[in-house]
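Peer 1: turn this into a model:
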Amino acid sequence: MTRMPTFFISHGGGPWPWLPEWRAQFAPLEASLKAMPDQLPERPKAVLMISGHWETEGFAVMSSPQPPMVYDYSGFPPETYEITYAAPGAPNLAARTQDLLAQAGLPTRLDPEIGFDHGTFAPMAVIYPEADVPLYQVSLQKAYDPAAHFAMGRALAPLRDEGVVIIGSGLSYHNLRAFGPGARVPSEAFDAWLNDALALDPSARTEALMNWEQAPYARDCHAQEDHLAPIFAALGAAEQDDMTRIYHQTEIFGGVTASGFRFG
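Peer 2: Numbering: from 1, shown residues only. Model prediction:
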């Protein structure tokens, strides 16, 4: 199969595709997600999602043939706790993924019980609304160490030649205590830094992302970097590939600037 690109996407907020007002807010995001299948060289064998909403001590790989749902949000309408995204899992690819991680010396295990969190099912409901592409996840490591997640991405890079699309799902700004106008200056500055850093040559790009805390307003935008760490894995799997910004939006919820990227 032809080599697949990797992506770092925003997954929006909560179950936004099922909330009309939020869906309107995220219209540019929806358009960018809908366009992703057309950016692939062919229909993928599977999607591997690395979501900011699943973290473990080592790296865990979802291995259920039919993963359940995880409603990891609160305060939304009752019907959003009945959403289903019935994509099949990919147990054979999960085993292959675990093997690649183990060969790289990374701590890893299969998890046959974990289900799709909203960092996975919300964007996938837009990217592949028919839920007809096999889908599985790999967790983040709880420490969010950039080097470990770059190593994870490098280990999984061979999957790109086996029909697997690797997607890091997070948000380039994630400070739940400072949405609205207070997010405008820090998110705009960090987003500009991120875009510039990703446009550097590969070695300088990796170094910049490894030292992301030196970016302007880094900790204002990511007090906890769970929603940034997926980019380390997506970039590690495509370390020599060019970046294309596929999504850019300003004034989200009255102040947030965010972007999404393709590598390759």
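Peer 1: so what's the residue count around the closest residue to Pro5 other than its chain neighbours?
Peer 2: Once flanking residues are discounted, Pro5 sits nearest to Gly264: 3.6 Å by C-beta to C-beta, 6 or more residues apart in numbering. C-beta coordinates here come from the backbone N, C-alpha and C atoms, glycine included. Counted with other C-beta atoms under 10 Å, the neighbours of Gly264 add up to 18.
Peer 1: ok, now how distant is Gly264 from Thr120?
Peer 2: 21 Å (C-beta to C-beta, to the nearest Å).
Peer 1: give me the pLDDT value at Gly254.
Peer 2: We have a pLDDT of 88 for Gly254.
Peer 1: on that earlier part again, for Asp242, see how far away the residue nearest to Pro5 is.
Peer 2: Using C-beta to C-beta, Gly264 is found at 7 Å from Asp242.
Peer 1: could you do Gly236 as well?
Peer 2: Separation of Gly236 from Asp242 (C-beta to C-beta) stands at 15 Å.
Peer 1: flag every buried residue along the longest helix along the chain.
Peer 2: Counting by DSSP state H, the longest helix found in the chain is helix 184-198. By neighbour count on 16 or more other C-beta atoms under 10 Å, the buried set for helix 184-198 is Arg184, Pro186, Ser187, Glu188, Ala189, Phe190, Asp191, Trp193, Leu194, Ala197, Leu198.
Peer 1: list the helices and strands that helix packs on?
Peer 2: Helices and strands touching helix 184-198, by 3 or more C-beta pairs under 8 Å, 6 or more residues apart in numbering; DSSP states H and E, are helix 202-210, helix 218-221, strand 243-252, strand 256-263.
Peer 1: can you give me the buried ones in the shortest one?
Peer 2: By neighbour count, and taking 16+ other C-beta under 10 Å as the criterion, the buried residues in helix 218-221 are Ala218, Asp220, Cys221.
Peer 1: the first one now?
Peer 2: Neighbour counts using 16+ other C-beta under 10 Å place Arg205, Thr206, Ala208, Leu209 of helix 202-210 among the buried residues.
Peer 1: closest one of those to Asp72?
Peer 2: Nearest to Asp72 out of those is Leu209 (C-beta to C-beta; 26.1 Å).
Peer 1: which residues are in contact with that closest one?
Peer 2: Going by C-beta atoms under 8 Å, 6 or more residues apart in numbering, Leu209 touches Pro146, Phe150, Ala197, Leu198, Ile231, Phe232, Leu235.
Peer 1: sorry, back to before: which ones are touching the residue nearest to Pro5?
Peer 2: Contact partners of Gly264, counting by C-beta under 8 Å, 6+ apart, are Arg3, Met4, Pro5, Thr6, Arg160, Ala238, Asp241, Asp242.
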